[in-house]
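Colleague: Build me a model:
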Amino acid sequence: MSTPEASRFVRVRVELVLEVDDADAVTKSALRRIADADDAELPASERVHAESAVTEDTAEALAYLVDPFDLVSQVPGVELQQASWSSERIEYDPDSPDWDYDEDDDEDNLG
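Modeller: Take a look at the predicted model:
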């Protein structure tokens, strides 16, 4: 893939399943991050909305705390161009074949 026609852009897909042992700690951490954001970064109206969302739903609090930029900010030679992420509550059974983490891997996606 070193030919001039090869794209310099790479899509990395990551799926995480987290077990929340202390929802209150997650919510408090998200609220601290909101409080620490400077006013230019987070206008008052968005701050109120964010506080409400993370207080009402632990999944929203996690989405606020998990930042894709943090995953790649220390990787040399790359610059994050676009990111999107979401979180949701799920039913999880690690023994279920539905949770086979290799299910989306095929020869076309490797490399």
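Colleague: Residue 63: neighbour count?
Modeller: When neighbours are counted by other CB atoms under 10 Å, residue 63 registers 17. (C-beta placed from N, C-alpha, C; glycine too.)
Colleague: correction: residue 28
Modeller: Residue 28 has 14 nearby residues by other CB under 10 Å.
Colleague: Residues contacting the helix or strand hosting it, please?
Modeller: Using DSSP states H and E, residue 28 maps to helix 23-36. Helix 23-36 has contacts (CB atoms under 8 Å, 6 or more residues apart in numbering) with 20, 42, 47, 50-51, 54-55, 58, 60-62, 64-65.
Colleague: pLDDT averaged over that helix, what's the number?
Modeller: Mean per-residue pLDDT for helix 23-36: 95.
Colleague: tell me which residues of it are tucked away?
Modeller: By neighbour count, with 16 or more other CB atoms under 10 Å as the criterion, the buried positions of helix 23-36 are 26-27, 29-31, 33-34.
Colleague: Show the subsequent helix or strand relative to it.
Modeller: Next along from helix 23-36, by DSSP H and E: helix 44-56.
Colleague: any idea of the mean pLDDT in that next one?
Modeller: Throughout helix 44-56, pLDDT has a mean value of 93.
Colleague: in that helix, what's buried?
Modeller: Per 16+ other CB under 10 Å, helix 44-56 contains these buried residues: 50-51, 53-54.
Colleague: On the three-state scheme, the closest residue to residue 73 other than its chain neighbours is what?
Modeller: The shortest distance from residue 73 to any non-neighbouring residue, by CB to CB, 6 or more residues apart in numbering, is to residue 80 (7.6 Å). Secondary structure, DSSP: H, G, I helix; E, B strand; the rest coil: residue 80 is coil.
Colleague: State whether residue 80 and residue 70 are indeed in contact, as I suppose.
Modeller: No: if you go by CB atoms under 8 Å, residue 80 and residue 70 don't touch, sitting 9.9 Å apart.
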